[in-house]
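Participant: no sequence on this one, just coordinates:
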């Protein structure tokens with residue numbers, strides 16, 4: 001009897017099915033600015049930490065990495081005089097410009113707002129670097145740099161935490177074997 005059942009399984013065989021999944025991660029880059037007038041601050045995003053948080057299966061086959069959103073907020077710290085900051089942002093080894101002269105209100109209780117005026121070439125290069133993170137951990141890190149000044153009046157004391165939220169979705173496939181149907 002056992003031989004008969006084993007034979008039926010072998011005759012039917014196995015089939016491999018591919019399933020598609022997505023995983024989304026939000027990374028918040030924080031910059032503390034305590035400066036009178038213009039400033040420049042950097043944040044380093046590491047592939048190892050990004051991939052640990054993403055937590056994809058070892059056998060995942062990456063089909064795409066997508067930047068869903070960039071959002072920004074500025075929270076006021078003690079002694080701040082600026083009502084807004086005007087930001088220009090760069091990322092990557094070549095410091096690709098991805099937003100220029102974006103005015104962000106400095107608020108007591110911050111709330112994220114979408115970053116408007118994103119530059120396609122810069123965002124595309126960030127997406128390629130993030131895809132490198134996920135596929136091969138190369139590059140090992142991406143530097144994000146912001147520079148700016150107070151707005152509408154330049155030269156005021158800025159004492160603020162600037163938050164940039166990056167939402168990334170990774171599409172991947174995973175194969176699983178099943179007993180073939182059709183017995």
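Facilitator: Happy to help now that I have it. If you're wondering where the values come from, they're calculated on a predicted model, not measured in any experiment.

Participant: please enumerate the strands of the protein.
Facilitator: 14-36, 39-46, 61-76, 84-91, 96-107, 113-114, 141-151, 157-179 (DSSP state E).

Participant: parallel or antiparallel, which strands does the second one pair with?
Facilitator: According to DSSP bridges, strand 39-46 has the following sheet partners: strand 141-151 (antiparallel).

Participant: mind listing what residue 140 touches?
Facilitator: Neighbour list for residue 140: 46, 47, 48 [criterion: CB atoms under 8 Å, 6 or more residues apart in numbering]. All C-beta atoms are positioned from the backbone trio N, CA, C, and that covers glycine.

Participant: how many neighbours does the last one have?
Facilitator: Around residue 48 sit 11 other residues, with neighbours defined as other CB atoms under 10 Å.

Participant: how near is the closest residue to it other than its chain neighbours to residue 32?
Facilitator: In space, and not counting its chain neighbours, residue 48 is closest to residue 137: 6.8 Å by CB to CB, 6 or more residues apart in numbering. For residue 137, the distance to residue 32 equals 28 Å [CB to CB, to the nearest Å].

Participant: cool, and residue 83?
Facilitator: 18 Å.

Participant: which of those two has more residues huddled nearby?
Facilitator: Each of residue 83 and residue 32 has its neighbours counted (other CB under 10 Å); residue 83 has more, 15 against 12.

Participant: for the nearest residue to the more buried one once chain neighbours are set aside, what are its contacts?
Facilitator: Spatial nearest neighbour of residue 83, excluding adjacent residues (CB to CB, 6+ apart): residue 106 at 6.2 Å. Residues near residue 106 by CB under 8 Å, 6+ apart: 74, 75, 76, 80, 82, 83, 84, 85, 158, 160.

Participant: mind redoing it with 6 Å?
Facilitator: 74, 76, 82, 160 (CB atoms under 6 Å, 6 or more residues apart in numbering).

Participant: return the distance of the residue nearest to the second one when sequence neighbours are not counted relative to residue 137.
Facilitator: Taking CB to CB, 6+ apart as the measure, residue 76 lies nearest to residue 106, with 5.0 Å between them; neighbours along the chain are not counted. The span separating residue 106 from residue 137 equals 36 Å under the rule CB to CB.

Participant: one more: residue 68?
Facilitator: 22 Å.

Participant: with residue 92 instead?
Facilitator: Distance from residue 92 to residue 137, by CB to CB: 16 Å.

Participant: neighbour count winner among the two?
Facilitator: Comparing residue 92 with residue 137 by other CB under 10 Å, the one with more neighbours is residue 92, at 18 against 14.

Participant: show the pLDDT at that one.
Facilitator: Note on residue 92: pLDDT of 92.

Participant: contacting residues for it?
Facilitator: For residue 92, the contact set (CB under 6 Å, 6+ apart) comprises 125, 129, 142.
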